[in-house]
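In: Could you work out the structure for the sequence below:
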Amino acid sequence: MTPLRVAAAHAVDLSSVLALSCTWVVVLAVNGLTLPAINPSPEVISRPLESVTTIALALPIAVAVHLSSNRLAWLAHTSPRSVVLGDIAWFAAIYLVQWVGLAVVAVAAPGVPGVHLFAVHTLLLALALLAARTAGSLAGVCTPLVLIAVLSVPDLVPWPANLIYNLDQATILRFATLVGVPALTAVAVQFDQKPAD
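Out: Numbers count the residues shown, from 1 in each chain. The predicted structure follows:
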């Protein structure tokens with residue numbers, strides 16, 4: 001299948017491209033809106049991640065989940081080509097498009113720590129794609145929303161365990177992203193390998 005046909009099989013059309021673009025505009029637009037203090041330390045002055053931007057990252061992830069589903073999966077399973085390789089290529093395209101959006105946010109919003117935001121978003125995206133492949137699109141959309149919501153409530157999760165907002169945990173978050181994203185993607189690809197009944 002040509003790249004355009006593959007994109008069409010994944011529901012990529014003008015409306016989905018516009019929707020994805022709009023989600024990144026919303027992420028940028030809400031950059032100045034702050035959340036209540038999540039970091040319990042009173043001496044912290046700068047709280048760059050404690051903004052609505054972090055919550056808004058769930059919007060482009062939701063569009064990515066929508067685009068990850070293959071509308072013609074039954075057709076792919078009749079092809080002599082590897083379904084796994086096609087799925088890996090499609091997931092790679094999803095990650096690349098998301099990273100372009102993140103790069104724009106990092107450049108346009110200089111107060112946001114770009115590397116940390118990149119790791120948070122990529123890990124949430126991998127979890128969402130896995131949830132979508134194993135439990136359906138709704139689970140894929142809800143997974144990052146629930147994780148962000150739980151970690152956004154002050155004192156609900158101990159501060160040392162809060163990987164999204166705690167910049168002191170950046171090393172652990174980066175390690176989790178480097179190891180977790182390929183592993184989660186590999187598992188997600190395997191779940192879509194079987195043809196639908």
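In: Distance from the chain centre to stretch 138-154, please.
Out: 11 Å (CA atoms, centre = their mean, to the nearest Å).
In: With only the CA atoms kept, save it in CSV.
Out: Extracted in CSV, the C-alpha atoms of stretch 138-154 (Å, rounded to 0.1, in the frame of the first residue of the first chain):
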residue,chain,number,x,y,z
LEU,A,138,-11.8,5.1,24.9
ALA,A,139,-9.3,3.5,27.2
GLY,A,140,-6.5,5.0,25.1
VAL,A,141,-8.0,8.5,25.5
CYS,A,142,-8.8,8.1,29.2
THR,A,143,-5.4,6.6,30.3
PRO,A,144,-3.4,9.8,30.0
LEU,A,145,-6.2,11.9,31.3
VAL,A,146,-6.6,9.8,34.4
LEU,A,147,-2.8,9.7,35.0
ILE,A,148,-2.5,13.5,34.6
ALA,A,149,-5.5,14.2,36.8
VAL,A,150,-4.3,11.9,39.6
LEU,A,151,-0.8,13.4,39.5
SER,A,152,-2.2,17.0,39.3
VAL,A,153,-4.0,16.8,42.6
PRO,A,154,-1.7,18.1,45.4
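In: Show the average pLDDT along that stretch.
Out: Confidence for stretch 138-154, expressed as mean pLDDT, is 92.
In: now stretch 163-171
Out: Rounded mean pLDDT across stretch 163-171 is 88.
In: Just the endpoints, please. Distance across that stretch?
Out: 10 Å (CA to CA, to the nearest Å).
In: which element is the residue most central in space within the chain on?
Out: The centre of the chain sits closest to residue 125, judged by CA atoms, centre = their mean, with a distance of 2.3 Å. Using DSSP states H and E, residue 125 sits within helix 114-135.
In: cool, residue 27 as well?
Out: Short version, using DSSP H and E: residue 27 is in helix 14-29.
In: is it true that residue 173 touches residue 161?
Out: No. Using CB atoms under 8 Å as the test, residue 173 is too far from residue 161 to be in contact (11.3 Å). In short, each C-beta sits where N, CA and C put it, glycine included.
In: neighbour-wise, which of these two wins?
Out: residue 173 (20 against 10; other CB atoms under 10 Å).
In: Please name the residues that touch the more buried one.
Out: 116, 119, 120, 123, 163 (CB atoms under 8 Å, 6 or more residues apart in numbering).
In: Pipe the residues you listed into TSV and attach neighbour count and distance to residue 90 per row.
Out: Shown next, in TSV, are those (neighbours: other CB atoms under 10 Å; distance: CB to CB, whole Å):
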residue	neighbour count	distance to residue 90
116	21	27
119	23	22
120	26	23
123	22	19
163	20	27
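In: Of all pairs in those, which one spans the longest distance?
Out: Using CB to CB, the contacts of residue 173 reach their maximum pairwise distance at 116 and 123, which is 10.9 Å.
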